[in-house]
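Student: here is a sequence with its predicted model. Questions after.
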Amino acid sequence: MIKSIRFQNFKALRDATLPLGPFTLIVGPNGSGKSTAMQAFRFGSTLYQYQRRGDWITVGSELSSEVAVHFKWLLDETEYLTTTVLRTNASSPVKFSTRSIENNALERIIPPFLGYEGFRVFSFDANAIAKPVLTSPDPQLGEDGSNLAAVLDGLRDSDPERLEQMNRELNRWLPEFDRIFLATPEKGKKSFSLRTTVGHHRLPASELSQGVLLALAFLAVAYAPNPPSIVCFEEPDRGIHPRLFVDIRDAMYRLGFPENYGEKRKPVQVIATTHSPYLLDLYKEHPEQIVIAHKDEQGVHFERLSDKPHIDEILESAPLGDIWYSGILGGVPSAP
Amino acid sequence: MKIAVVSESPADEAAIKILVDAILGHETELVSAARLRPGGWPQVLQLIPSILKALHYYTDAEGIAVVVDSDSSPVHLLEQPRDQECHSECRICLLRNTLRTSLSRVSSVPNRATIKTAVGLAVPAIEAWYRCGLDAHVNEARWSGSLAGEKIHFTKRSLKVDVYGSDQPSLRAETTTAVEAAHRLVHNIEQLGQLFPSGFGCLMADVRGWL
């Protein structure tokens, strides 16, 4: 599990440390580094892969002359600090280095999250989710939810009981549908449709609403038999009716706390961002799971809600979302 | 002096800050503009304890001014002792109670004085205050009469139209008009207190008590 990430000169994050737990929900104003933090995950993991291959890489001009991302992580009850530094100068290509401060033998202790398979950022897009896809031997859900038909098809073949569980959950979330169906619109391609509970009509993905498609992609991640070890969701509430937020929360908890949901697999570290007071309301009892991104003249900094003094007293009389929206906890757009 | 202003909209807050400064006779510094989710009175009442505690623990605010619209709730009875509710739905009494209870529950912080409080009630809405000096018929007594069944010529909606030219003004237009009106009222503070003795009078008395 990653315990914290320190960003230096990474876009809006000049020097900011993001504390993380098994489940973390980041709230803050636009431009406060929530999405940038997600990009930094990709940055760290991509650089690590390049380093392992001994490659040189070129980066975009948006990076400043020296960028560093420090991952503090916990593995088998031992803490490690892995630093990825990227330097540029006018005459040479970009080079990076990664080292472990706690244990120099980094090659023997590869952080499990620093590989593409072990780390995913999801920012779902309804159009991408609905598209028919080419079949492949080991389909993975794309970051925008693309490839969903192939993932569902793979699940049907490899773990039909799990797909059945997913069908039941789909029906609980969206009672108007009771079953996922897969089809082969042309050779080598897969598409999906949902069956209506009343009348048993099959609605192809292209005719499903945006919210239904987003919910389905969410379910596919939550019910994946072998999910990545770290999963990030950018605004998981986007396009979803607020009444389903509790189900979205539970889907994320299913990943993060599998034992509570009858799953026999390792917990997934879940990191999500939101602007929704309604979603935030659901975490009032767990301020340790909330991180507030503050943006001021000094730049961006992150603060775990439970680290605020007297926070229990402040939260006792109103919904967390309303309290956050008011601005008294920080993490809101500055007043004009 | 550092203060916080809590009201039902950012436009109201901008105007109230100007009026509070006028009552005090000097300019204050706004510590926190708590911005509430649109929801009016229930939002204000529910969030006041959290806002007050956050001001106490996290800021050096010395005072908080809270102003809400009365809508159709009763107008506060001035002769009522401060520690007793004049009516179970009187918003001034409810706010005072909530503020008093919340302040009694905070832990002491070294070198931190108790936050001073001031409560106002715009009858029936803050736009009535903005009509002070422009329309002699708009005042608290007339509204009280309407609550007792008398016919009057203004409503919350008509006041909005009179003030903003529309009952759906943009926030920007609302704020500009509110600030202009407040700057005009600075020269009519006493008249405002006379026309709205419960709602604005209470705010004025509370704020003067800060001095």
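Tutor: Received, thanks.

Student: for the chain, what spans make up the helices?
Tutor: You didn't pick a chain, so chain A it is. A:34-53, A:126-130, A:148-158, A:160-173, A:210-222, A:245-256, A:277-281, A:311-315, A:320-326 (DSSP state H).

Student: meant chain B, my bad for not saying
Tutor: Using DSSP H, the helices of chain B run over B:10-24, B:41-58, B:91-105, B:126-130, B:140-147, B:156-164, B:171-185, B:189-195, B:199-208.

Student: between those helices, which one is nearest to residue A:322?
Tutor: Nearest to residue A:322, of all those, is helix B:41-58, at 5.9 Å by Cβ to Cβ. All C-beta spots, glycine's among them, are computed from the backbone N, C-alpha and C.

Student: where does chain B dip in pLDDT?
Tutor: Chain B contains residues with pLDDT under 70 at B:32-33.

Student: centre-most residue in the chain?
Tutor: Using chain A here. Centroid-nearest residue in chain A, with Cα atoms, centre = their mean: residue A:232, separated by 1.0 Å.

Student: actually chain B
Tutor: residue B:67 (1.8 Å).

Student: which non-adjacent residue is nearest that one?
Tutor: With sequence-adjacent residues excluded and distances taken as Cβ to Cβ, 6 or more residues apart in numbering or on different chains, residue B:67 is closest to residue B:120, at 3.9 Å.

Student: how near is that neighbour to residue B:197?
Tutor: According to Cβ to Cβ, to the nearest Å, residue B:120 and residue B:197 sit 12 Å apart.

Student: between these two, who's got more neighbours?
Tutor: Set residue B:120 next to residue B:197 and count neighbours by other Cβ atoms under 10 Å in any protein chain shown: residue B:120 wins out with 30 against 19.

Student: mind checking pLDDT for the closest residue to chain B within chain A?
Tutor: Per Cβ to the nearest Cβ, the residue of chain A with the smallest distance to chain B is residue A:328, at 3.8 Å. For residue A:328, the pLDDT comes out at 89.

Student: re the thing from before, doesn't residue A:38 make contact with the residue nearest to the centre of chain A?
Tutor: Yes. Assessed by Cβ atoms under 8 Å, residue A:232 is found in contact with residue A:38 at 5.3 Å.

Student: what is in contact with those two at once?
Tutor: Contact criterion Cβ atoms under 8 Å, 6 or more residues apart in numbering or on different chains; residues shared by residue A:232 and residue A:38: A:121, A:271, A:273.

Student: hmm, back to that, between the helices of chain B, which one is closest to chain A.
Tutor: Checking the helices of chain B against chain A by Cβ to the nearest Cβ gives helix B:41-58 as the closest, at 3.8 Å.

Student: list the buried residues in the closest one.
Tutor: Using 16 or more other Cβ atoms under 10 Å in any protein chain shown as the burial criterion, the residues of helix B:41-58 that qualify are B:41, B:43-58.

Student: kindly export stretch B:133-142 (C-alpha atoms) in CSV.
Tutor: The C-alpha trace of stretch B:133-142 is given here as CSV (Å, rounded to 0.1, in the frame of the first residue of the first chain):
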residue,chain,number,x,y,z
GLY,B,133,-35.8,55.2,1.5
LEU,B,134,-37.4,54.3,-1.8
ASP,B,135,-40.7,52.8,-0.9
ALA,B,136,-42.3,54.0,2.4
HIS,B,137,-44.8,51.1,2.3
VAL,B,138,-42.2,48.5,2.7
ASN,B,139,-41.5,48.0,6.4
GLU,B,140,-41.7,45.4,9.1
ALA,B,141,-45.0,46.7,10.6
ARG,B,142,-46.7,46.2,7.2
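
Student: residues from chain A in reach of chain B?
Tutor: Residues of chain A lying near chain B by Cβ under 8 Å from any Cβ of the partner chain: A:277, A:308-310, A:313-318, A:321-323, A:325-329, A:332, A:335.

Student: which residue sits farthest out from the middle of chain B?
Tutor: Taking Cα atoms, centre = their mean as the measure, the residue most remote from the mean C-alpha position of chain B is residue B:110, 30.0 Å away.

Student: pretty sure the residue nearest to the centre of chain B contacts residue B:119?
Tutor: Yes. Residue B:67 is within contact range of residue B:119, at 7.5 Å (criterion: Cβ under 8 Å).

Student: common neighbours of those two, please.
Tutor: Common neighbours of residue B:67 and residue B:119, using Cβ under 8 Å, 6+ apart, are residue B:203.

Student: which stretches of the stretch 101-250 of chain A have low pLDDT?
Tutor: A:101-117.

Student: kindly recompute the last result at 80.
Tutor: The model of the stretch 101-250 of chain A has pLDDT under 80 over residues A:101-118.

Student: next, the distance between the ends of stretch A:221-236.
Tutor: End-to-end distance of stretch A:221-236: 12 Å, with Cα to Cα, to the nearest Å as the criterion.

Student: buried stuff in it?
Tutor: Neighbour counts over stretch A:221-236 (16+ other Cβ under 10 Å) mark A:221-224, A:227-236 as buried.
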